[in-house]
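> When you get a sec, could you give me coordinates for this:
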Amino acid sequence: MAVYTPVEKSALEAFLAQFDVGRLVSFKGIAEGIENSNYLVQTDRHLLILTLFEKRVAPEDIPYFLSLCLHLAKRGIKVAAPCQRRSGEHQARLHDREAVLVTFLPGASETKPQEQHCAKVGEALGALHRATGDFQLRRANPLDLDGWHSLIGTMGDDVETWRQGVGEEIRDEWETLAAIWPRSLPRGTVHSDLFPDNVLFLDGEVSGLIDFYFSCDDALAYDLAVCLVSWCFARDVWQSEKAMHMIAGYERQRPLTRAENEVLKVLARGAAFRFFLTRLHDWLYHPPDSLVRPHDPGLFLERNRKLRADDLAFVETSLAPNRAKSDPSQAPGKRKASKQDGPIAVYTDGSCLGNPGPGGWAVLIQDGDQETVLKGGAARATNNVMEMTAALRALSFLPKSSRVRVMTDSRLVVEGMTRWIGAWQKRGWRTASNKPVANMDLWKALFAQAERHEVDWVWVKGHALVEGNERVDALARKEAKAIQERSR
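Numbers count the residues shown, from 1 in each chain. Next up, the predicted model:
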């Protein structure tokens, strides 16, 4: 949000008269963001937000945005619903700009989001994607790969005034992304700009999602990638633990496909590049009389560079399956039918050096003569988180309604899923001592995945020469050590 167009009191009073919202009491500009002009408007009946559309928002797209917000509000998603004019329309003109009034949502954005906030945002985004499944309107993404290319052409050599030599890097990165960009992922309606300042929290819960003016049709996983690059970095330092919580929260509402898991790092890399380009454009062509300064383009360039690095312990690396004796048909829902009468055998294990410290996890799936290995880790984790992550990734990978026997040396996982989880749910995810359940978001995600299958949870003694357990133990420790070495 920002202010580019000053609003006169008399003009605003005439504007408000078109709505049944009461008499103007006060108003003030909101000096945040960089896209549109926004004001907090107090009438004698309501507290509202006034938005005057600037820059990239085309007038013909506004009905799409307003229809989307109305659709989401009807389905229980906490969004700012547009106010209706007496004529039945939702938008009007003010100071030669298209303008709307929307309801004010309580809460505040988190300037320093923690893991629990990332989990809540992931869940809210997953719920949004589910709620838009029957939304009928469509809008192409003007900031897709072709849009990035057009933006690069528009800026031309002007980019060198920001940083000498960056033009070649921009062109090289666009060509690389164009070559590796996934084009066959599940698609739907996406927010595409769900940064921390577009999510409101109240008492630890998401109280509102705002600023849908970049919404469009695109890959659903790309929307998650936007959140990952905007929520899970501290400046240019990647925080994989936050990403794990965000993905777990998202999957409580909508499990990712294996194809989405495999390209999540590429999508995040592209998302960082997209925001670098738009911020660079705003920096180059910023109106001098604006009340806000443009964001630093370099922040997302650095994040893009981090995501290009092969040695980054990105959470997607732990999601991408490393398979043995497998074939392309093993994507979720396309896996070959089981070649044995009994359940699919799944061995899982987690490891952590330091607890907390560098962590690794591994999964071995044995289905007849088909064998699949999944492995990965995080730069900072705990042993319990790695054990739970291994079980979660195993169940996420398998097609729906599988008969599964999960074997783990983690008593926590087995006892949690067979004895404790029912009581936790009844107590609102609190323990018998009335404390919040540790790693609640991961437990919820694991429970949601277990509900998709018929699961038999089996504890096996560690280091007791059980072949499957020994293999995943070695793989998990190897992943943790590799991440530790990369961080030195």
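> Compute the number of surrounding residues for the closest residue to residue 141 other than its chain neighbours.
The shortest distance from residue 141 to any residue other than its chain neighbours is 4.1 Å, reached at residue 216 (CB to CB, 6 or more residues apart in numbering). C-beta coordinates here come from the backbone N, C-alpha and C atoms, glycine included. Using other CB atoms under 10 Å, residue 216 has 21 other residues around it.
> So residue 216 sits against residue 140, correct?
Yes: counting by CB atoms under 8 Å, residue 216 sits close enough to residue 140 to count as a contact (6.3 Å).
> how near is the residue nearest to residue 141 to residue 147?
10 Å (CB to CB, to the nearest Å).
> Give the residues shared as contacts by those two.
With contacts defined as CB atoms under 8 Å, 6 or more residues apart in numbering, the residues shared by residue 216 and residue 147 are residue 141.
> Would you agree residue 206 falls within a strand?
Yes: the assignment for residue 206 (DSSP: H, G, I helix; E, B strand; the rest coil) places it in a strand.
> tell me which residues form a beta bridge with it?
With beta bridges defined as DSSP bridges, residue 206 has these partners: residue 201.
> Tell me, how many residues neighbour it?
Around residue 206 sit 19 other residues, with neighbours defined as other CB under 10 Å.
> check contacts around it.
Residue 206 makes contact with 78, 120-121, 123-124, 199-200, according to CB under 8 Å, 6+ apart.
> what sits up against stretch 271-287?
Counting by CB under 8 Å, 6+ apart, the neighbours of stretch 271-287 from elsewhere in the structure are 4, 34, 143, 148, 151-152, 154-155, 158-159, 161-162, 170, 173-174, 177, 222, 225-226, 228-230, 293-297, 299-301, 303-304, 307.
> mind showing which ranges of the stretch 251-400 of the chain have poor pLDDT?
Residues of the stretch 251-400 of the chain that meet the criterion pLDDT under 70 lie in 289-292, 310-341.
> Let me see the domain layout of this protein.
If the domains of the chain are taken from automatic domain parsing, they occupy 9-103, 115-315, 321-486, with pieces of a single domain joined by a plus sign.
> Of all the ones you listed, which one is nearest residue 109?
When the domains of the chain are compared by CB to CB, domain 115-315 sits nearest residue 109, at 4.7 Å.
> So the residue nearest to residue 141 versus residue 57, what's the distance?
From residue 216 over to residue 57 the distance is 12 Å, taken as CB to CB.
> for residue 229, same thing?
Applying CB to CB to residue 229 and residue 57 gives a distance of 23 Å.
> Looking at these two, which has the bigger crowd around it?
Just comparing residue 229 and residue 57: by other CB under 10 Å the higher neighbour count belongs to residue 229, 25 against 18.
> what does the helix or strand hosting residue 10 rub up against?
Assigning secondary structure by DSSP states H and E places residue 10 in helix 9-16. Contacts to helix 9-16, defined as CB under 8 Å, 6+ apart, come from residues 22-24, 27, 39, 41, 43, 50, 92, 94-95, 99, 101.
> Give me the buried positions along it.
Of the residues in helix 9-16, those buried by neighbour count under the rule 16 or more other CB atoms under 10 Å are 12, 15-16.
> Counting by contacts, list what the helix or strand containing residue 478 packs against.
Under DSSP H and E, the secondary-structure element containing residue 478 is helix 467-486. Other helices and strands packing on helix 467-486, by 3 or more CB pairs under 8 Å, 6 or more residues apart in numbering; DSSP states H and E, are strand 344-352, strand 357-367, strand 370-381, helix 383-397, strand 403-408.
> got the domains of the chain as a markdown table, with distance to residue 109 columns?
Compiled in a markdown table, the domains of the chain are given as follows (distance: least, CB to CB, whole Å):
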| stretch | distance to residue 109 |
| --- | --- |
| domain 9-103 | 9 |
| domain 115-315 | 5 |
| domain 321-486 | 20 |
